[in-house]
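**Q** Build me a model:
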Amino acid sequence: MTQTLNLTINGTARALALDDPRVTLLDVLRERIGLTGTKKGCDRGQCGACTVLIDGRRINACLALALSHDGASITTVEGLAQGEDLHPVQAAFIRHDGFQCGYCTPGQIMSAVALIAEGEAGLDAERVREGMSGNLCRCAAYAGITEAVLDATRTMTNQGDAA
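**A** Modelled structure (predicted):
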C-alpha cells in the first residue's frame with residue numbers, strides 16, 4: 001500500500017509516495033531526494049553522521065521512520081548556506097579545521113547548529129564537548145570541532161542569530 005509523505009525540506013515542500021512504511025528518513029533524503037550531505041555511518045544511531053534538524057531539533061535520521069515525521073520541516077546541511085554565504089557554523093568549521101576526512105562533518109555541523117540554537121553551547125569548551133558527544137569523529141578532529149563551535153557561538157551571539 002502506497003502512502004504519501006509530506007515534508008518541507010530546506011524550505012521546499014515535498015510530497016513523496018512511499019511503498020514501504022519502514023523506510024528511514026535518512027534513506028528518503030539520500031536515495032529519493034538526492035540530498036547526500038547527510039551521511040550513513042553506523043546506521044544504528046551511534047555515530048551522528050546522519051544528524052538533521054526536524055522542526056529545529058536534532059535527530060539521527062537513520063533511526064527515524066520517514067512516515068512518523070509527516071508534515072515536519074527538515075533542515076539538512078545543504079539547507080544551511082544562503083546562496084554563496086556559508087552559515088556561521090560552516091564558516092567556523094573551515095576556519096578551525098573542524099574536519100579531516102570530512103565524513104562526519106555534515107552531522108557535526110548540524111548538531112552544532114542545534115546546540116547553539118538550544119543555548120547549550122555557551123562559551124565553555126566542556127559544555128560544547130558534552131553537547132556534541134553524540135557525534136563521533138574517527139579522525140579525532142575534536143579540538144578543531146570544539147573551537148569551531150565556540151567561534152560560531154560567539155559570532156552568532158554577536159549577530160543575534162542563533163539559528
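
**Q** only C-alpha atoms for contact and neighbour calcs from this point on.
**A** Noted.

**Q** Can you tell me the SS state at the residue nearest the centre of the chain?
**A** The structure's the chain has its C-alpha centroid closest to residue 110; by Cα atoms, centre = their mean the separation is 2.7 Å. Classification of residue 110 by DSSP: H, G, I helix; E, B strand; the rest coil places it in helix.

**Q** show me where the protein has strands.
**A** According to DSSP state E, the chain carries its strands in the segments 3-9, 12-18, 51-54, 57-60, 73-75.

**Q** Highest mean neighbour count out of the ones you listed?
**A** strand 51-54 (a mean of 26; mean count of other Cα atoms under 10 Å).

**Q** number of nearby residues for the residue nearest to residue 101 when sequence neighbours are not counted?
**A** Among residues not flanking residue 101 along the chain, residue 139 sits closest, at 7.0 Å (Cα to Cα, 6 or more residues apart in numbering). Residues near residue 139, counting by other Cα atoms under 10 Å, number 12.

**Q** Might you report the residue contacts of residue 139?
**A** Going by Cα atoms under 8 Å, 6 or more residues apart in numbering, residue 139 touches 99-101.
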